[in-house]
Each structure stands twice: as structure tokens, then as C-alpha cells.
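# A predicted structure for the sequence below; I have some questions about it.
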Amino acid sequence: MSIGPVSSDWFKNIALLTISANLPKLNSINQQFPDGDFFQSILQSVLLEQKSANLPQPQLSNGSLLAGISPILANIKDYSHVLETARTLDFSEAPLENLNSNLKGKLSNVGTAFIEAGRKYNINPKLLASIAMHETGNGTSRAANEKNNIAGMMGKNGLKHYDSVEESVFDMARNLRRNYLDKGLDTIAKIGAKYAPVGATNDPTGLNNHWVKGVNNFFGTLV
């Protein structure tokens, strides 16, 4: 599977993966950072892991902010395969409770539809939910509330109207499978380039500029 462009949160996400095996340490680490700077806590955990393994401790010099961090980079550079597996867009079971706890407004309790549509069209339910959450402002848009349209799907006369939100979910899944995934658009970035192209004439306010980042952010919350 190919990987799309690395997001601005890549380093932070990789650092999270680096310390995933050391979660028991986080309680004591959080006590050291009462202000809630979790990223600082992440780096501290990496340093603790290196110390316990007798690895050289990274030191910053006055000449470079990157000096001395090679041991950290060595620890995180091999996790690209983990991201490939975690970010696959093919169907995989998604906890219904987790989906529904994140879905709000018109999307409330629609998790079952995302799972069933994902199973039918072999699409990760988290992708379907993430697109719907971004397109509707997590269930608050006029299209969602007035037309049950949760994916920005267009018809001959503009935005499509659906009899139910569930019908819209299945139509989105069908469209993604037929016109995107089956055509090799197998990352969120590739899908976004066609689904919400930057500079499109029907996007005068430039909202499409935020589509890939927005969908990725929602996808990341649905763990």
C-alpha cells in the first residue's frame, strides 16, 4: 500500500508510536509535567527508555537545535510500516461504542451504518465517519440537517436529498469504492485531491484547502 503525504502531525504521531510500549511510565511522567504538555512528556519517556537501555543521551548544543537527537530518530524511523497498517482504508472492525461516542448532531448513533456500509463496500468505517464528520462539522451542517446529506454528495440539481442519514452513508461508501478506491486513490490525500480539489470553482471560500487535514484529524481520533 502506498502512503500519502506526511501530515504536520507526523513527528508527534511517530513519537506516540515510539513510546506505545511504555505506557505504564506515563503516570509518573505526567506528574513531572502538571501543565499538561503531553508532547514534552512523550520526549521525556523516550529519554527514559534510552537511559534504561544505556544508550547515549541526546544533548543539544548551542550550534543546532537538532544536535544529539540521532538516537531518538533511530528509534522512530522504522515505524512507517506501522502507519501503513494502521491507516489502511480497507474494511476492518471498528468499535461501535467508540464511533458513536465521537459522532454528534445529525450523526449521533449512526455508527452502525458506517460499519455496515464499510463491510458492504470493503471500506474502513473510520474513513466513512471521518469524511462525514468533516463534511458536516460533525453533524451540524445545513446539508445534513435539511437534506440528510452527510458527505457533500452532488446531484443534477445541487446537493442530493436523502430519505435518511443511513441512505446517505451507503451512497457515500458506494461512491468512494467505485470512483476512488477502485481507481487507485487509496490514501486520504489522494482521495481529497479529487473529492475536494483545491481551487475548485464551487469552493470560492477555499474550504477544500482544509479537507485532507480535517479528515486525517478526525480519522486519528477514531482509534
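Ah, there it is.

# Below-threshold pLDDT in this protein: ranges please.
By pLDDT under 70, the weakly predicted segments of the chain are 1-87.

# make it 50
1, 21, 25-26, 28-36, 57-86 (pLDDT under 50).

# Walking through the chain, point out its helices one by one.
Applying DSSP state H to the chain gives helices spanning 10-18, 26-32, 38-52, 70-76, 80-86, 96-102, 111-121, 125-136, 142-147, 165-179, 188-195, 211-221.

# Could you list the alpha-carbon positions for stretch 169-182 in CSV?
Extracted C-alpha coordinates of stretch 169-182, given in CSV (Å, rounded to 0.1, in the frame of the first residue of the first chain):
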residue,chain,number,x,y,z
VAL,A,169,-23.8,6.9,4.3
PHE,A,170,-24.3,4.0,1.9
ASP,A,171,-24.3,6.3,-1.1
MET,A,172,-21.0,7.8,0.1
ALA,A,173,-19.5,4.4,0.5
ARG,A,174,-20.6,3.2,-2.9
ASN,A,175,-19.1,6.4,-4.5
LEU,A,176,-15.8,6.0,-2.6
ARG,A,177,-15.4,2.4,-3.7
ARG,A,178,-16.4,2.8,-7.3
ASN,A,179,-14.9,6.2,-8.1
TYR,A,180,-11.9,6.4,-5.8
LEU,A,181,-10.6,3.3,-4.1
ASP,A,182,-11.1,1.0,-7.2
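
# pretty sure V212 contacts I188?
Yes: contact criterion CB atoms under 8 Å: V212 and I188 qualify, at 5.9 Å. For the C-beta atoms, the positions are set from N, CA and C on the backbone; glycine is no exception.

# which residues touch L185?
Neighbour list for L185: 191, 193-194 [criterion: CB atoms under 8 Å, 6 or more residues apart in numbering].

# wait, I meant Y162
By CB under 8 Å, 6+ apart, the contact list for Y162 reads 147-149, 168, 171.

# From E93, how far off is it?
Distance of Y162 to E93, computed by CB to CB, to the nearest Å: 26 Å.

# Ok, H161 next?
31 Å.

# Which one of those two is surrounded by more residues?
For H161 versus E93, the count of surrounding residues by other CB atoms under 10 Å is larger for H161: 15 against 10.

# Report the separation between the residue lying closest to the more buried one once chain neighbours are set aside and S92.
For H161, ignoring the flanking residues on the chain, the nearest one in space by CB to CB, 6 or more residues apart in numbering is K147 at 4.4 Å. Per CB to CB, K147 is found 30 Å from S92.

# how deep is P197 tucked in, by neighbour count?
A total of 13 residues lie near P197 under the criterion other CB under 10 Å.

# contacting residues around the residue nearest to it when sequence neighbours are not counted?
Computed as CB to CB, 6+ apart, the closest residue to P197 that is not its neighbour in sequence is N208, at 6.2 Å. When contacts are counted by CB under 8 Å, 6+ apart, N208 is found next to 192, 196-200.

# ditto for T140
By CB under 8 Å, 6+ apart, the contact list for T140 reads 104-106.

# and the two most separated of the contacts of Y162?
The two members of these with the most space between them (CB to CB) are K147 and D171, at 11.9 Å.

# Report the set of residues contacting both of the two.
Counting by CB under 8 Å, 6+ apart, the residues touching both K147 and D171 are 160, 162.

# if I look at G139, how far off is G118?
18 Å.

# scratch that, S92 is what I was asking about
8 Å.

# Tell me how the chain divides into domains.
10-85, 89-221 (automatic domain parsing).
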